Every structure is written in structure tokens, then in C-alpha cells.
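Undergrad: For reference, the sequence and a predicted model appear below.
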Amino acid sequence: MSDVCLLLEGTYPFVAGGVSTWVHQLISSMEDIRFSLVCIAALPDPSRTMKYTLPSNIVDMKEIFLHDYEYESERKKGKKMKGYQVLQDFHAQLKRKSFDHLDALLPLFREKPPAIDDQEMFFSKDSWNMLSAFYEKYAKDVSFIDYFWSWRTTHLPLMNILKASLPPAKIYHTISTGYAGLLAALAKIETNGIVVLTEHGIYTHERMLEIVQAQWIYERQRKGFRAEKELSYFKQWWIKLFEFMSRQAYKHADHIFTLYEGNKTRQIVDGADPLKIDIIPNGINIDFYSSIPLKTDKSEIRIAFVGRVVPIKDVKTFILSAPGVIRKFQNAVFWIIGPQDEETEYYKECCQLIETLGLRENIIFKGRMKPEDIYSQVDLVVLTSVSEAQPYVIIEANCVGIPVVATDVGACRELIEGRTPNDRQLGPSGMVTEVASPDKTGEAIVEILEKPSLYERMSITGKKRVREFYNEKDLLSRYLNVYEKYL
């Protein structure tokens, strides 16, 4: 049995990024705590590799694949499915936005043998009749074919979670809501153990942004040019699914941690008990980052975006901010630093945009780089995300003494301008701009670069702020205190 089982969806140790970095810090800082990992992914991928070397205090690792199924060619004759009424009641309660009945649903999937399995759920005549009844009652104005496939696409991953076994642990710590959060709720119901939830970004908000832009979710084409105020039936279906999973995680968690006040407010609106919530910001290794030398050679001005090349990071706004800056500083070069393989179509669109602007020599994709190689070679860091939690990039750059331009999302403003009165007294360590505004982003870049005294003040402020408020040793020790309370 491990001391702490971490429930991880689409992150550590197979995906690099801020959340994964935080998980690695957490495990590495607590050598005496035995960790197990449950890693949730969409499908098995033989080509994927670990992006981190696992610390020796990880004693077990299990993987769950949401879309990995094996079906028998024919359904077993004579097998009867029990619990249809329970399932029907459960869906009726969800329609009424009642989220308190997961306990009644679990035995259908987790008893041995299960009352409901994949074969019965999706291939039996009874399940077809239930699905048809749901359609007639709730959705007869939309396409049945799309309803059928949406049902399968949403329910098959849920079944893989509902029937998943968990490694024994004293504490279950989920690093998001979503499928990992639902698994944490199951752990609470089955073991009555301690459940801790840490949300970096608000899962439902981030998924909603993706769903609104999604092309793979069917939307009926309408004639005319009148803008639609409401999302399609099927996009609402996906959003309600994620709301359900988040509410289950909030309900069953003993402790909820998030990174900043804005996240806490959103969690409360989404159903979390405010008495359970505490704020623990991200922190970094002060000694490491403060040892990186600040770039002084200005023969080439390097402006860096540091992050994944994906739509939620809005790399296109960073690219579109470049022409105005280059007109002012002919020696300016824009670096895009980070993985390009997560959303390959978006990466291709960014490359095409650079070609269209005629800036192939000025905007360069650098791929992954070590932190010491990034921050010793750039003059300014820019984040243009449409959604963030508390990005490490701002803290890291400021610790080195590099000012940051960032959009007004997540904790970016409080990282740059201060969170508490004492913090705000230090002054700004960069500038905050509007979302999806290349012009405002470019103007902020120019203002900082053309005023050396402003740059220096921001540089000094950033170093002070990180040292006083974002030391990882101080912040991770708070998690250790929570763990030790129950071990």
C-alpha cells in the first residue's frame, strides 16, 4: 500500500507541462512518502515515452485508457442486464441537475460479476430500448444517429472509470476534476479514505473553451446569417458531463486546493464547499533560477513565447504581435519555445500564418529547451493564453529578472502586479494585456523594451516577488503537512 495515490489525467509522466512539473516537484520533495500513480489517457500509445525520470519513492503505477475496449463478436445468450431502473433514475436526476446519486449507480458496474458490462450496455436489446426512450423523452428534435454516437462516445469512457480498480492507498490525491476527479469520488465512496483535490486550471472552464471551438461535435447547419446565442444540443451534452464529474469531485473531496483567488471563486460557483478550499500557489526552486545569468547583449532582441503550441495558448496572437514590434526594433527576433506535437494542425496553421506575414526569418520555432538555455538567452517573455491557471513561466522568468507580458487570465495579473497588499507594494514585474489582442501585446512589448529604466525596475521587482512569495520549499511543505496529518 502506498501512502498517497496520485490520480493524473493526461499529464505526468507522459506529457510535459506546468502541471506535470508541479507533480514531479511534489513527489521529489517528499522522499519519505511512498507514492502510487494512476495515469488516465485516451488510448494506449506504444510510441509515447516518459518525459520525466520517475523518483524512487514511486512504488506503483497503473494506467486507465478511456477509449480502449474489447468486445466479444456476439453477445452471450441468456445474459440479463439488471439495474436499468437505477440507470434511468440516475439520468433523470442529472437532467434535473441533481448530482447526489453516484453511490446508487456504482454497484451496477463494480459488483462481481457486474450487473452492467460493456457488452450489455451497448449491444443488448434492453439497452437499445432504454436509449430510444431517452431520445424520445429528451432529444427527439435532434438527429438520432448523432444522439446514438454521442451516447456511446460519452458513456464508454465513463464505464471505464466506473469499473476501474484503484491501488490501495491511505490518501487519494487527484490533480484535476474530470475523469481523475470522478475516480477520486469512487475512491471516497468505496474506501472512505482521505481525498485531496488540487485544481491548477478549472477543468470545466478549460473543457468548455475547447468544446465551444470543437469541430468534431455535430452542430446542425442553419440557413441565414443570424448568430446563434446557444450552443448546440451535443456541445451542451459534453459540458454537462464535465460539470457532473467536477461536482462529484468537489462533493467527495476532504480538502480542495487551488492556486489563486479567482479559481476559488469559480470553484464555489461550480458547487465546491468554500470551507474545504485553501489557496497554495505554485513555487519554484529559487536557488536554481536565480543562478541563471540575465542576458545583457542587446545586439539581437529576443522575445520568447514559452509554452505548448496549442489553441488555448493562442500562439497566433503572439505571432500577430510581431510585425509592429519589428518595425520599431529591426533586430527583434521572436522565439516560440515548447512542444509542437500535441495539436499538429494548429502548429501547421501557425507556420502558415508566419509565411503569410513574411516573417519566417524573424519568428522561429525552437522546440523544447532547458530552462537555463531559455532564460539566459531572451530579453522578454510573452504569454498570450486565453486560459491559464498560475503559469510557471511568469515566476521562472521573473526570478531570473526578465519582465513578462501576459494576458489577463488566471493568476497572471496577481503574479505580475501582486496578490496581497505587501506584494502589490513591490510594483509590477511586467505588463498585463487583453486576451486576443495582438496590437495591445505588441504595444506592451515595445513600451518595456524602449524604456531601459522601466525594464530594470520590473527586473528587480520580479526577483523580489518570487523570492518572497513563490519559494517551492515553503509551498510544498504545506502539502506535506496535509499528508502527515493522515499518515
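TA: Great, that's in hand.

Undergrad: For Cys39, what is the enclosing helix or strand?
TA: Using DSSP states H and E, Cys39 sits within strand 35-41.

Undergrad: Strand partners (parallel or antiparallel) of that strand?
TA: Using DSSP bridges, the strands paired with strand 35-41 are strand 2-9 (parallel), strand 58-65 (parallel).

Undergrad: Nearest to Asn160, out of those?
TA: strand 58-65 (6.3 Å; Cβ to Cβ). Heads up, the C-betas are built off the backbone N, CA and C, glycines and all.

Undergrad: what's the average pLDDT for the next helix or strand after the closest one?
TA: Proceeding N to C from strand 58-65, the next assigned helix or strand is helix 84-95, under DSSP H and E. Taken as a whole, helix 84-95 has an average pLDDT of 79.

Undergrad: Likewise for stretch 101-119?
TA: 79.

Undergrad: List the buried residues of it.
TA: Leu102, Leu105, Leu108, Phe109, Arg110, Pro114, Ala115, Ile116, Asp117, Asp118, Gln119 (16 or more other Cβ atoms under 10 Å).

Undergrad: what's the most distant pair in these?
TA: Largest pairwise distance in the buried residues of stretch 101-119, by Cβ to Cβ, is 22.9 Å, between Leu102 and Gln119.

Undergrad: thinking again about what came up before, any idea which of the strands paired with strand 35-41 is most buried?
TA: Ranked by mean neighbour count, those are led by strand 2-9 with a mean of 25 (mean count of other Cβ atoms under 10 Å).

Undergrad: How far away from the center of its chain is it?
TA: Computed by Cα atoms, centre = their mean, to the nearest Å, the separation of strand 2-9 from the middle of its chain amounts to 17 Å.

Undergrad: Can you name the element that comes right after it?
TA: Downstream of strand 2-9, the next assigned helix or strand under DSSP H and E is helix 18-28.

Undergrad: Just want the angle from that next one to strand 2-9.
TA: Here the directions of helix 18-28 and strand 2-9 differ by 170 degrees (axes from the mean of the first three to the mean of the last three Cα atoms, to 10 degrees).

Undergrad: need the strands for the protein, in chain order.
TA: Counting by DSSP state E, residue ranges of the strands within the chain are 2-9, 35-41, 58-65, 169-174, 194-199, 255-258, 277-279, 301-306, 332-337, 363-367, 380-383, 404-407, 430-433.

Undergrad: Same list (those strands) but as TSV, adding mean pLDDT.
TA: Supplementary listing: the strands of the chain in TSV, determined by pLDDT from 0 to 100:
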stretch	mean pLDDT
strand 2-9	99
strand 35-41	98
strand 58-65	98
strand 169-174	99
strand 194-199	98
strand 255-258	97
strand 277-279	96
strand 301-306	99
strand 332-337	99
strand 363-367	98
strand 380-383	99
strand 404-407	99
strand 430-433	99
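
Undergrad: so can I have TSV of those strands showing distance to Glu472?
TA: TSV is the format used below for those (distance: least, Cβ to Cβ, whole Å):
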stretch	distance to Glu472
strand 2-9	17
strand 35-41	17
strand 58-65	19
strand 169-174	17
strand 194-199	14
strand 255-258	15
strand 277-279	15
strand 301-306	18
strand 332-337	22
strand 363-367	26
strand 380-383	19
strand 404-407	19
strand 430-433	21
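
Undergrad: now the closest residue to Val15 other than its chain neighbours: how far from Trp22?
TA: Using Cβ to Cβ, 6 or more residues apart in numbering and skipping residues adjacent in sequence, the residue nearest Val15 is Lys51, 6.6 Å away. According to Cβ to Cβ, to the nearest Å, Lys51 and Trp22 sit 13 Å apart.

Undergrad: which one of the two has more residues nearby?
TA: Neighbours were counted for Lys51 and for Trp22 using other Cβ atoms under 10 Å; Trp22 has more, 25 against 17.

Undergrad: who's in contact with stretch 455-468?
TA: The contact list for stretch 455-468 (Cβ atoms under 8 Å, 6 or more residues apart in numbering) reads 284, 286, 289-290, 294, 395, 397-404, 415, 418, 423, 426-430, 448-449.

Undergrad: Go again with 6 Å.
TA: Ile286, Ile395, Asn398, Cys399, Gly401, Pro403, Leu426, Gly427, Ser429, Gly430, Ile448 (Cβ atoms under 6 Å, 6 or more residues apart in numbering).

Undergrad: May I see the buried residues of that stretch?
TA: Quick answer for stretch 455-468 (16+ other Cβ under 10 Å): Tyr455, Met458, Ser459, Thr461, Gly462, Lys463, Arg465, Val466.

Undergrad: Now for Leu241: which residues touch it?
TA: By Cβ under 6 Å, 6+ apart, the contact list for Leu241 reads Thr154.

Undergrad: For it, give its distance to Ala184.
TA: Applying Cβ to Cβ to Leu241 and Ala184 gives a distance of 17 Å.

Undergrad: Looking at the contacts of stretch 455-468, which are in helices?
TA: Using DSSP state H, Ile286, Ile395, Asn398, Cys399, Ile448 are the members of the contacts of stretch 455-468 that sit in helices.

Undergrad: Most neighbours among those residues, which one is it?
TA: Asn398 leads those on contacts (other Cβ under 10 Å) with 29 neighbours.

Undergrad: That one contacts Pro428, doesn't it?
TA: No. Taking contacts as Cβ atoms under 6 Å, Asn398 lies outside contact range of Pro428: 10.5 Å.

Undergrad: What is the nearest of the ones in helices among the contacts of stretch 455-468 to Leu158?
TA: Taking Cβ to Cβ as the measure, Leu158 sits nearest to Ile395 out of those, at 36.4 Å.

Undergrad: so the closest one makes contact with Ile284?
TA: Yes. Shown here, Ile395 and Ile284 form a contact pair, counting by Cβ under 6 Å, at 5.3 Å.

Undergrad: Contact partners for the spatially most central residue of the chain?
TA: The centre of the chain sits closest to Gly201, judged by Cα atoms, centre = their mean, with a distance of 5.4 Å. With contacts defined as Cβ under 6 Å, 6+ apart, Gly201 is in contact with Ala389.

Undergrad: oh, and call the first residue 11 from now on, that's how I've got it
TA: Yes, from this point I'll number from 11; that puts the last item at Gly211.

Undergrad: Could you tell me what pLDDT the model assigned to Asp42?
TA: On pLDDT, Asp42 comes in at 97.

Undergrad: can you tell me which residues contact Asp389?
TA: By Cβ under 6 Å, 6+ apart, the residues touching Asp389 are Lys305, Ile311, Arg312.

Undergrad: Tell me the spacing between the first one and Ala314.
TA: As defined by Cβ to Cβ, Lys305 lies at a distance of 11 Å from Ala314.

Undergrad: Which one's more surrounded, these two?
TA: Remark: of Lys305 and Ala314, Ala314 carries more neighbours, 27 against 18, as counted by other Cβ under 10 Å.

Undergrad: Looks like that one contacts Thr394 (just checking).
TA: No. The pair Ala314 / Thr394 is not scored as a contact, 11.8 Å apart, by Cβ under 6 Å.
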